[in-house]
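>>> 3D, please:
(one chain, ligands or ions: 1)
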Amino acid sequence: MISSPETTKLPVINRRDFLHGSAGAALLYAMGGSLNRAQAAVVHTLPPLPYPENALAPLISAETIGFHYGKHHKGYVDNLNKFVTGTEFADLSLEKIIADTAGQADKAAIFNNAAQVWNHTFYWNSLKANGGGEPPVVLKQKIEAAFGSVDACKKEMAGAATGQFGSGWAWLVFDGDKIKVVKTGNADVPLTKGMKPLLTIDVWEHAYYLDYQNRRGDYVNAVLDKLINWGFAADNLGK
Ligand code: MN
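Numbers count the residues shown, from 1 in each chain. Modelled structure (predicted):
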């Protein structure tokens, strides 16, 4: 369950663009009254990357981002639209689909694609060119209270990212009143456990294999030292 609407806001990305593909919705609407759900149908769209594909190079190459965003992320969007068409989920927002299908084996295909759409959008925003460094002061204070230091927090995130067996995600989250590090497998997202995500690192092999092959730890350290977007985490904390 999502604990409150506050946890589901996606900063940076225009929420309306993210959740509603107006062209697709208009097309369905134009198809007329034979589609009961047409007026409310949600067409999920691939949000624009917050930076050019080569912005994170050489730490994450344009080639990696090209495949990761242009093929993987887009594929999840396309599959989600395909799988929800004609179902009870066709007119629901992305976050509502995630909440309503989490933990249900017979809805796994819908959940996995919906969560992967959300996770990837959140991941792109968790990175930026010339990232890393010191978090904004309010976030830094909370990190120091929870972990002792920013370095200790980074170390725990690196441990979660390298310790996740197989595909998944490492997260910095706000859980209740405390900042924590958690990891999730495959498409799972802390939203479904009532936690507020602050940052994420994708540790599926497609996120790093072209640049780092099997060296997941090198990719994770590059992200934490030079790409992580602490400002995005601070924005999420304040929402
Ligand atoms: Mn990915």
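>>> close to the ion: what parts of this protein are there?
Near the ion, the residues belonging to the chain are 202, 204 when assessed by CB under 5 Å from the ion. Yep, even glycine has a C-beta here, placed from its N, CA and C like the rest.
>>> can you pull the contacts of the residue nearest the centre of the chain?
By CA atoms, centre = their mean, the chain has its centre lying nearest to Asn119, at 2.1 Å. By CB atoms under 8 Å, 6 or more residues apart in numbering, the residues touching Asn119 are 169, 187, 189, 200, 202.
>>> cool, and Pro190?
Residues near Pro190 by CB under 8 Å, 6+ apart: 171, 173, 175, 182, 184, 196-197.
>>> quick one on the thing from earlier: the residue nearest to the centre of the chain should be in a helix, yeah?
Yes - if the criterion is DSSP: H, G, I helix; E, B strand; the rest coil, then Asn119 is within a helix.
>>> start the count at 45, not 1, going forward
With 45 as the first residue, the last one maps to Asn163.
>>> ok, now how distant is Asp219 from the ion?
Asp219 sits 23 Å away from the ion, going by CB to the ion, to the nearest Å.
>>> and if you look at Ala134?
Separation of Ala134 from the ion (CB to the ion): 25 Å.
>>> what of Ala146?
From Ala146 over to the ion (counting by CB to the ion), the distance is 19 Å.
>>> likewise Asp150?
Using CB to the ion, Asp150 is found at 25 Å from the ion.
>>> name the element Gly176 belongs to?
Using DSSP states H and E, Gly176 sits within no helix or strand.
>>> now do the same contact list for it.
Going by CB under 8 Å, 6+ apart, Gly176 touches 268-272, 274.
>>> low-confidence stretches in this structure?
By pLDDT under 70, the low-scoring segments of the chain are 45-84.
>>> hang on, the earlier thing: and the contacts of Gly176, which are buried?
For those, a neighbour count by 16 or more other CB atoms under 10 Å gives the buried set as 268, 270-272, 274.
>>> closest to the ion out of those?
Proximity to the ion was ranked across those by CB to the ion; first place goes to Leu271, at 14.8 Å.
>>> contact partners for the closest one?
Leu271 sits next to 100, 103-104, 171-173, 175-176 when contact means CB under 8 Å, 6+ apart.
>>> let's go with 6 Å and repeat that
Shown in contact with Leu271 (CB atoms under 6 Å, 6 or more residues apart in numbering): 100, 103, 171, 175.
>>> return a ChimeraX selection command for the buried portion of those residues.
Buried residues among those (16+ other CB under 10 Å), as a ChimeraX selection:
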select :100,103,171,175
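>>> just the closest of the contacts of Leu271 to the ion, please.
Among these, Leu171 lies closest to the ion (CB to the ion), at 12.0 Å.
>>> how about the strands of this protein, start to end?
212-219, 222-229, 240-246 (DSSP state E).
>>> buried deepest among these, which one?
Stretch with highest mean neighbour count among the strands of the chain: strand 240-246 (a mean of 25; mean count of other CB atoms under 10 Å).
>>> from the middle of its chain, how far away would that strand be?
On the basis of CA atoms, centre = their mean, to the nearest Å, strand 240-246 sits 7 Å off its chain's mean C-alpha point.
>>> packing partners of that strand?
Where contact means 3 or more CB pairs under 6 Å, 6 or more residues apart in numbering; DSSP states H and E, strand 240-246 is packed against helix 152-170, strand 212-219, helix 274-281.
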